[in-house]
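# sharing a model prediction with you, sequence too.
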Amino acid sequence: MHELPALMALLAGSLAVTAVARRVGVSPPLALVVIGLAVSSIPGVPDYTLDPDVVLLLILPPLLYSAALNSSTIGIRANLRPIGLLAVGLVLFTTAVAGAIAWWLVPDLPVSAALVLGAVLAPPDAVAAISIGRRLGLPRKIMTVLSGESLVNDATALTAYRVAVAAAVGLGSSLLGGIGTFLVAAVGGVLIGYATGWVVHRIRRALRDDLLESATGLIVPFFAYLIAEEVHASGVLAVVVAGLYLGHHATAGSAATRLQDRAVWNAADTLLEAVVFALIGLQMRSVAESASVDLGPLLVAGLALTAGVVLARIAWVYLVMYLPELLRGRGPNWRDKAVVSWAGMRGVVSLAAASAIPTVTASGTPFPHRPEVLFLTFFVTLATLLLHGSTLPWLINKLGVRGTEDYTDALAEAEAQHNAARAAQERLTALAAETEPPGDVVERLRSAAEQRSNQAWERLGRSADEVGESPTEAYRRLRGEMLAAERAVFVQFRDNRRIDDEVLRRVMHQLDLEELSLTRD
């Protein structure tokens, strides 16, 4: 119970910093890390410890699952080559590069322990990069590649980490055995994730209860992760595949379930990401104090490792991904590749993996240089977050990398809305002939269908600055004011005890749904 005030302070402070950062247009992850660093130096601030079990079981699965739910399965399939090169090839390449640098610069560090550090530092955390890219309007392909990389690279890194740790603690692991472990983990994770998604999807359809469907979805990431880890498969891949499957088939569920799921997972993402990035900054002081050797050589090693992982990503993106495409005459955009190569922030997976390194080997001796490995992990994580997080927006603006999908998306939506409205009106005509609805119901429904179709076409026209307020915008504005007036009356009736709170909640829900339909864009 004595840790409860510190936990509450962490949660409240993280959300407060996130709110201010969003308000002023600063990247929340970057702001949280910087504020965490500053707060950690204040006397009396408790030492926050990142429990690896909590991160790998309670934080990582829901974050990955939520990202997978919102990812495009079709988009990932279309970009399998760049995603695979980044999420698998680059992770293994970075493991080797970082391991070699650590073995060279840290005295008496065994090769196996150096490779553990390399695997820990290998996977970038794309949360900060994706939030920056979304705010600045990066092209959809870049966003798909970065999000796809972040979904899979953790599985690659954690599998390599397992193999390296086994070798470092004396449990033995040959190159062939490591490859076998990787394949078993990957295939097993994919199969378990697909099976979980398939079963859960059918369970949710059979429930026909919005609340139960959403509640069932809440346990999916933890269930998939635990089952996969229990059979030594990749829990990360299991969570990702289950999320991709359920996200792709979400259209088969009810509207209420989709609304609830979106709200719940957006709120969970905001809280978990805020806490994680705040912890990165808050822990640096205690990690530095735990390193028993002089910090001078460690700082040099940390700078070298930071430069190594940054340059390794740049070299891999241009030499392995860009150059072959250029030689085949495809003419890829080097500016897009520059943005991808500079989105290499490290994050929570690196910190959790480092914290989970065993303290002793199989022979009972201490794990070689464990405090130094932990310090270097935190150093590189902080350095890449501050370096890339502060310069990536500048690079995107300098290179002028912007998405051009707005018009094509609007055109495709207008065409789909037109065909959907025509199908709806044909169905309405057939039903009206069968049942003869009373009053002007048919005309009101027909008008609503036409309005949705016209709204999509209006987005293809000139801007509001050129032609003024469109009919749809005027309708939204006026209907929004009407809804506010209606709410005020219902609240007044509740305050005067003329209606019960239950009545107010039911009516407010109806008004809220209508307002959401007005502001759905």
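Yep, it's here.
# shouldn't residue 485 be within a helix?
Yes: assessed with DSSP: H, G, I helix; E, B strand; the rest coil, residue 485 lies in a helix.
# what count of nearby residues applies to it?
Neighbours of residue 485 under the rule other CB atoms under 10 Å: 9. C-beta here means a position set from N, CA and C on the backbone, and glycine is covered the same way.
# for it, what are its contacts?
Neighbouring residues of residue 485 by CB atoms under 8 Å, 6 or more residues apart in numbering: there are none.
# so how far is residue 491 from it?
11 Å (CB to CB, to the nearest Å).
# give me the most central residue, the protein.
By CA atoms, centre = their mean, the chain has its centre lying nearest to residue 67, at 4.3 Å.
# so after whichever helix or strand it is part of, what's the next helix or strand?
Here residue 67 sits within helix 60-69, counting by DSSP states H and E. Downstream of helix 60-69, the first helix or strand assigned by DSSP H and E is helix 73-78.
# what does that next one contact?
Contacts of helix 73-78 (CB under 8 Å, 6+ apart): 83, 140-141, 144, 148, 151, 244-245, 247-248.
# list the buried residues in the helix or strand following that helix.
Using DSSP H and E, the helix or strand that follows helix 73-78 in sequence is helix 80-84. The neighbour-count check on helix 80-84 (16 or more other CB atoms under 10 Å) flags 82-83 as buried.
# show me the contact partners of the very next helix or strand once past helix 80-84.
Using DSSP H and E, the next helix or strand after helix 80-84 towards the C-terminus is helix 91-105. Outside helix 91-105, the residues within contact range by CB under 8 Å, 6+ apart are 109-111, 114-115, 117-119, 121-123, 153, 156-157, 160, 164, 297, 300-301, 304-305, 308-309, 312-313, 316, 373, 376.
# got a quick ChimeraX command for the buried subset of the residues you listed?
Those of these that count as buried under 16+ other CB under 10 Å are selected in ChimeraX with:
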select :109,114,115,117,118,119,121,122,123,153,156,157,160,164,301,304,305,308,309,312,313,316,373,376
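# which members of the contacts of helix 91-105 occur in helices, if any?
Mapping the contacts of helix 91-105 onto helices (DSSP state H) picks out 111, 114-115, 117-119, 121, 153, 156-157, 160, 164, 297, 300-301, 304-305, 308-309, 312-313, 373, 376.
# next, count neighbours for residue 101.
Around residue 101 there are 23 residues (other CB under 10 Å).
# check contacts around residue 52.
Neighbours of residue 52 in contact, by CB under 8 Å, 6+ apart: 352-353, 355-356.
# what about 7 Å?
Residue 52 makes contact with 352, 355-356, according to CB atoms under 7 Å, 6 or more residues apart in numbering.
# residue 245 now?
Residue 245 touches 194, 197-198, 201, counting by CB under 7 Å, 6+ apart.
# would you reformat those residues as CSV and include pLDDT, secondary structure and distance to residue 445?
Shown next, in CSV, are the contacts of residue 245 (pLDDT from 0 to 100; DSSP: H, G, I helix; E, B strand; the rest coil; distance: CB to CB, whole Å):
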residue, pLDDT, secondary structure, distance to residue 445
194, 96, helix, 40
197, 96, helix, 36
198, 96, helix, 37
201, 95, helix, 31
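# separate out the buried members of those residues.
Looks like the contacts of residue 245 have 194, 197, 201 buried, using 16+ other CB under 10 Å.
# report how many residues lie close to the residue lying closest to the first one once chain neighbours are set aside.
Spelled out, that is residue 194. Leaving out its chain neighbours, the residue that sits closest to residue 194 by CB to CB, 6 or more residues apart in numbering is residue 241, at 5.4 Å. Counted with other CB under 10 Å, residues neighbouring residue 241 total 26.
# what helix or strand is residue 241 on?
Applying DSSP H and E, one finds residue 241 within helix 235-248.
# next: residue 19.
helix 4-24.
# identify, from the buried ones among the contacts of residue 245, the entry nearest to residue 323.
Among the buried ones among the contacts of residue 245, residue 194 lies closest to residue 323 (CB to CB), at 34.7 Å.
# my read is that residue 399 contacts residue 336, right?
No: the pair residue 399 / residue 336 is not scored as a contact, 8.7 Å apart, by CB atoms under 7 Å.
# following the chain past the helix or strand containing residue 478, name the next helix or strand.
Counting by DSSP H and E, the element that carries residue 478 is helix 471-495. Sequence order places helix 501-518 as the next helix or strand after helix 471-495, per DSSP H and E.
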